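1. give me coordinates for this.
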Amino acid sequence: MKACVNCGDKRLVLNPKGMIDLKKRTIALFIIFVMALSRAPLAFGAADVDAGDFVFDAETGTILKYEGRDSGVLTVPKTIGGIAVTAIGDSAFEFCRSLEEVVLPQGLISIGDYAFAACMSLKKITIPAGVTSIGDYAFTSCRSLEEITIPAAVASIGDGFFAYCAALKAINVDSANNAYASDHGVLFNKAKTALLSYPPGKQGTSYTVPSGVVSVGENAFSGSVNLLAIHLSADVAAVADWVFNYCARLEEIDVDAANNAYASENGVLFNKDKTALIAYPASKSGNAFAVPDGVRVIAAAAFHGCAALTEITLPQGLIEIGESAFAMCEGIGTIAIPEGVTALKKNTFMECANLRTVQVPASVLSFGWEVFADCHGSMRIFGYSGSQAEAYALENEIRFMPLEPNFIITTPKAKFAGGAIVAEVNTNINVTAQRVQFAVYDTAGKLLGYQTASETLPSKRFSAEFENIPQESAKYIKVFIWKSLENMIPISDGAAADIEAE
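-> Residues are numbered from 1 along each chain as shown. Just a heads-up that it's a prediction; the model follows:
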């Protein structure tokens with residue numbers, strides 16, 4: 001299944017867990033564009049509807065696709081060709097970006113997955129009283145929709161059905177509904193033991209999950225545009241994956257001290273014994289974070305969208321990293337995966353645009369789909385000869401750099417001080433090499449100068465100082481550790497970091 005999210009350009013379409021699937025949607029958009037060109041211009045206003053505007057399955061009474069004018073107000077007919085319309089099919093109105101209001105017919109029973117996904121101008125839609133089911137992501141990315149009411153007959157609602165609806169301030173539920181309830185515009189199950197959906201545009205910068213709520217559902221807070229802090233009460237025993245996806249302003253996730261399942265440390269969410277890191281708030285202050293010792297699992301999407309982080313240190317003893325764990329962490333330049341991790345799952349580092357250096361241990365035996373999608377074009381994978389990392393790099397045309405056993409290089413640091421650039425880098429073992437060099441580049445990647453480290457080999461720490469390079473010209477620094485200068489054989493090539501201003 002795939003869902004749409006209005007996050008601009010190539011991030012427009014995401015699947016339910018934040019994965020990109022651009023090719024299929026690009027083809028679909030191209031087809032829609034060509035179809036639009038073939039139609040004569042129409043005036044804005046209420047749409048004139050005929051059977052030719054719909055792909056309709058007469059046997060099931062399902063509208064499979066809307067092919068009419070994408071603008072203004074649309075009234076969906078009660079019957080087509082004399083057959084009652086009882087269902088809106090999967091993706092039937094998806095990408096109808098200019099529709100502002102849709103009037104659905106009485107007699108409708110179900111609304112399918114992604115039925116109105118990415119109808120970005122949709123401000124008003126009334127769900128008829130007879131509807132019993134609403135599919136996954138049915139209204140995701142309807143960014144103009146401000147309020148919705150779930151009628152009494154609805155007994156089934158899919159995941160993320162209002163995710164990324166940035167203007168949605170309230171999800172109301174008919175008081176006669178036996179399956180669902182609303183409390184201050186937040187959607188719960190009838191017993192209010194499960195929080196299902198927090199409206200992304202709801203006013204207020206903090207929210208406390210009410211006492212009595214035992215579970216928080218998948219994508220429950222996804223796309224919230226106002227929340228800075230979320231407090232989990234003592235009763236919460238289960239938090240699904242992707243709960244805080246795209247909460248761009250979130251600074252803190254706090255947990256009641258009496259909670260037996262979860263704990264918080266400096267605003268970061270862990271399980272109770274802190275062996276699993278569940279979620280790191282996207283706008284938490286600071287640009288460096290060391291995952292605490294003892295953490296063995298990093299949950300799916302745990303650091304998703306943490307663009308301010310430039311350095312993440314992973315602990316020894318870590319064994320699992322979830323899907324999309326570091327996706328869209330645009331500031332990370334270098335990361336080392338600890339020995340013991342056995343898989344890099346789907347989209348682990350998707351859209352880490354500045355990621356240039358990834359160290360992968362021999363323990364990693366499998367790579368998921370698009371692990372490094374849209375990372376920096378000059379990214380290097382450092383690993384051991386004959387490893388799966390080398391095979392993956394070769395298959396995906398990523399430059400592979402062989403490592404000496406047990407060698408780890410940290411992210412270099414560089415800053416302007418007293419008119420000069422001062423740079424340093426550390427390794428975990430004494431390095432025996434012919435030369436350690438630092439190089440300074442401008443924003444276009446042009447080399448501005450290089451220096452040999454001043455330390456005597458072998459050493460664990462290396463530094464250099466550059467003079468006469470203007471601050472307005474220098475952008476980033478790289479460190480090169482050469483095993484053989486004659487044959488240009490590196491131990492490490494290209495670990496990089498931006499230069500901090502004075």
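2. against Gly61, how distant is the residue of the chain most remote from its centre?
-> Distance from the C-alpha centroid of the chain, by Cα atoms, centre = their mean, peaks at Gly82 (45.0 Å). Shown here: Gly82 relative to Gly61, a distance of 11 Å by Cβ to Cβ, to the nearest Å. Glycine gets a C-beta too; all of them are placed from N, C-alpha and C.
3. cool, and Thr149?
-> 24 Å.
4. who has more neighbours out of these two?
-> Neighbour tally, Thr149 and Gly61, criterion other Cβ atoms under 10 Å: the higher count belongs to Gly61, 18 against 15.
5. Tyr125 and Ile111 touch, don't they?
-> Just to correct that, residue 125 is Ile rather than Tyr. No - proximity of Ile125 to Ile111 does not meet the contact threshold set by Cβ atoms under 8 Å, at 9.7 Å.
6. okay, the two: which has more neighbours?
-> Ranked by neighbour count (other Cβ under 10 Å), Ile125 and Ile111 place Ile111 first, with 29 against 21.
7. please parse the protein into its domains.
-> Here the domain parsing of the chain from automatic domain parsing is 1-145, 286-403, 413-498.
8. dump those to JSON lines, plus mean pLDDT and distance to Lys190.
-> Below are the domains of the chain laid out as JSON lines (pLDDT from 0 to 100; distance: least, Cβ to Cβ, whole Å):
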{"stretch": "domain 1-145", "mean pLDDT": "74", "distance to Lys190": "15"}
{"stretch": "domain 286-403", "mean pLDDT": "93", "distance to Lys190": "28"}
{"stretch": "domain 413-498", "mean pLDDT": "80", "distance to Lys190": "52"}
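9. nearest to Val268, out of those?
-> Ranking the domains of the chain by proximity to Val268 (Cβ to Cβ) places domain 286-403 first, at 8.1 Å.
10. chain center to that closest one, what's the gap?
-> 15 Å (Cα atoms, centre = their mean, to the nearest Å).
11. and the end-to-end length of it?
-> 31 Å (Cα to Cα, to the nearest Å).
12. equivalent analysis for stretch 452-465, please.
-> 9 Å.
13. which parts of that stretch are buried?
-> Of the residues in stretch 452-465, Ala453, Ser459, Phe462, Ser463, Ala464 count as buried by neighbour count, 16 or more other Cβ atoms under 10 Å.
14. name the nearest of those relative to Cys352.
-> Nearest to Cys352, judged by Cβ to Cβ, of the buried residues of stretch 452-465 is Phe462 at 25.3 Å.
15. check which helix or strand that closest one maps to.
-> Assigned by DSSP states H and E, Phe462 belongs to strand 459-466.
16. give the partner strands of the very next helix or strand once past that strand in its sheet and their orientations.
-> Sequence-wise, the next helix or strand downstream of strand 459-466 (DSSP H and E) is strand 476-484. Here strand 476-484 has these sheet partners by DSSP bridges: strand 435-441 (antiparallel), strand 489-498 (antiparallel).
17. Gly89 touches Ile63, doesn't it?
-> Yes - counting by Cβ under 8 Å, Gly89 touches Ile63, with 5.9 Å between them.
18. between these two, which contacts overlap?
-> Shared contacts of Gly89 and Ile63, defined by Cβ atoms under 8 Å, 6 or more residues apart in numbering, are found at Asp57.
19. once you drop chain neighbours, what's closest to Ala238?
-> In space, and not counting its chain neighbours, Ala238 is closest to Ser215: 4.2 Å by Cβ to Cβ, 6 or more residues apart in numbering.
20. what ranges does the stretch 251-400 of the chain have for its strands?
-> Counting by DSSP state E, counting those that start in this stretch, the stretch 251-400 of the chain has strands at residues 252-255, 262-265, 268-271, 276-279, 288-290, 297-298, 311-313, 320-321, 334-336, 343-344, 357-359, 366-367, 380-383, 399-402.
21. so which bits of the last one are buried?
-> Pointing back at strand 399-402 there. For strand 399-402, by 16+ other Cβ under 10 Å, it's Phe400, Met401, Pro402.
22. please apply the same query to the first one.
-> Applying a neighbour-count criterion of 16+ other Cβ under 10 Å, the buried positions in strand 252-255 are Glu252, Ile253, Val255.
23. partners of the residue nearest to Ala238 in the sheet?
-> Ala194, Ala238.
24. may I ask you to confirm that it is in contact with Asp235?
-> No - counting by Cβ under 8 Å, Ser215 stays clear of Asp235, with 9.6 Å between them.
25. returning to what we had before: need the domains of the chain in TSV (columns: distance to Val209).
-> Compiled in TSV, the domains of the chain are given as follows (distance: least, Cβ to Cβ, whole Å):
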stretch	distance to Val209
domain 1-145	22
domain 286-403	18
domain 413-498	38
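26. thinking again about what came up before, for Asp241, find the nearest of the strands of the stretch 251-400 of the chain.
-> strand 276-279 (8.8 Å).
27. which one is Ala220 nearest to, not counting chain neighbours?
-> In space, Ala220 comes closest to Val243 once its chain neighbours are excluded; the distance is 5.1 Å by Cβ to Cβ, 6+ apart.
28. so what's that neighbour up against?
-> Counted by Cβ under 8 Å, 6+ apart, Val243 has contacts Val216, Gly217, Glu218, Asn219, Ala220, Phe221, Ser222, Ala279.
29. ok, for the third one, nearest residue in space, not its chain neighbours?
-> If you skip the residues right next to it in sequence, Glu218 has Ala240 as its closest partner in space, 4.1 Å away by Cβ to Cβ, 6+ apart.
30. right, and the one you found touches Val216 too?
-> Yes - Ala240 is within contact range of Val216, at 6.4 Å (criterion: Cβ under 8 Å).
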